[in-house]
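Novice: I'd like to go over a predicted model; first the sequence, then the structure.
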Amino acid sequence: MGRISETIKALIIVNVIFFIGTQMLGETAYRLFSLYFFKNPNFQLWQPLTHMFMHGGIMHILFNMYALWAFGSPLEQIWGRNKFLFFYFSAGFGAALIHTLVNYYQVESATDILFNAGMSQADISSLFTTGQYNSGILNTVSVEVIQSAYNSFNTPAVGASGAIYGILVAFGMMFPNSELMLMFFPVPIKAKYFIPLILAGDLFFGISGAGTGIAHFAHLGGALFGFIMSWYWKKNSFDSHRWN
């Protein structure tokens, strides 16, 4: 970790501006710039980009910006500005894509279950938008299915975490023997073990549906796209000068 580059400084500044603006404007900014499910009335075409600059709280943005500086700096030094920015935003868009696909699966699966249980399409749409439904449906459909689908339809995703996870994976591939530490487990662990451990945790919580309030599949999406790009560039000895 060295001095902060102009590229990473600019990314941090934009994130801070969005964070301060969100605190000032409140729900309006959150609704405009967070990433909603594409069938939700609040969805806008710019949200797959702007959600990368939104954060849910001070600790959220602090952790993400620290990780951007700590792990992004050595990658930018190797790749250069343009290639780093391409990687960063590609990982962020990849996170948004995987997160949306998982939400789509959950919403559509619940829709089929509810329709087969006797609910009309209008009642299902009302359930997703208002959260209200006839309690009699619980005789055939579990409340967990309904709640999961409702959350997928209505809960927006925020944060640079998807892009950061892409950076983490790339860092682990470039510097596999660098020693890192978890805050709650302050023992040095090599990056090649540390990062898969974090990803395994996201996969576990994502599949289990634990109500952590974290978009685990967005993390995994960013990591997946980060791995694909890093692997491809490393395998093909990508000419970084093309990006200058």
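Specialist: That came through, no problem.
Novice: alpha carbons only for contacts and neighbour counts from here, please
Specialist: Noted.
Novice: Quick one: residues contacting residue 51.
Specialist: 33-35, 157-160 (CA atoms under 8 Å, 6 or more residues apart in numbering).
Novice: what about residue 150, how many residues close to it?
Specialist: 20 (other CA atoms under 10 Å).
Novice: show me what contacts it?
Specialist: 107, 127-129, 131.
Novice: So among these, where is pLDDT lowest?
Specialist: Among the contacts of residue 150, residue 131 has the lowest pLDDT, at 85.
Novice: Just the contacts of residue 51: which are in strands?
Specialist: Among the contacts of residue 51, no member falls in strands (criterion: DSSP state E).
Novice: From these, pick the one nearest residue 81.
Specialist: residue 160 (17.9 Å; CA to CA).
Novice: Now for the nearest residue to residue 155 once chain neighbours are set aside, how many residues are close by?
Specialist: With CA to CA, 6 or more residues apart in numbering as the criterion, residue 155 has its nearest non-adjacent residue at 6.7 Å, and that residue is residue 36. By the measure other CA under 10 Å, the count of residues near residue 36 is 27.
Novice: Residue 36 against residue 46, yeah?
Specialist: No. With contact defined as CA atoms under 8 Å, residue 36 does not count as touching residue 46 (10.7 Å).
Novice: how close does residue 209 sit to residue 103?
Specialist: 12 Å (CA to CA, to the nearest Å).
Novice: I meant residue 63, not that one.
Specialist: In terms of CA to CA, residue 63 sits 25 Å off from residue 103.
Novice: Could you check which helix or strand contains residue 67?
Specialist: helix 58-79 (DSSP states H and E).
Novice: which other helices and strands contact the helix ranked longest in the chain?
Specialist: Longest helix in the chain by number of residues (criterion: DSSP state H): helix 81-116. Helices and strands touching helix 81-116, by 3 or more CA pairs under 8 Å, 6 or more residues apart in numbering; DSSP states H and E, are helix 47-50, helix 58-79, helix 121-130, helix 143-154, helix 161-174, helix 216-235.
Novice: Adding distance to residue 29 as columns, could you present those helices in CSV?
Specialist: As requested, these are arranged in CSV below (distance: least, CA to CA, whole Å):
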stretch, distance to residue 29
helix 47-50, 11
helix 58-79, 16
helix 121-130, 20
helix 143-154, 16
helix 161-174, 19
helix 216-235, 21
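Novice: For those, state which one has the densest average packing.
Specialist: helix 161-174 (a mean of 27; mean count of other CA atoms under 10 Å).
Novice: quick one: that helix to chain centroid distance?
Specialist: Centroid separation for helix 161-174 versus its chain: 12 Å, with CA atoms, centre = their mean, to the nearest Å.
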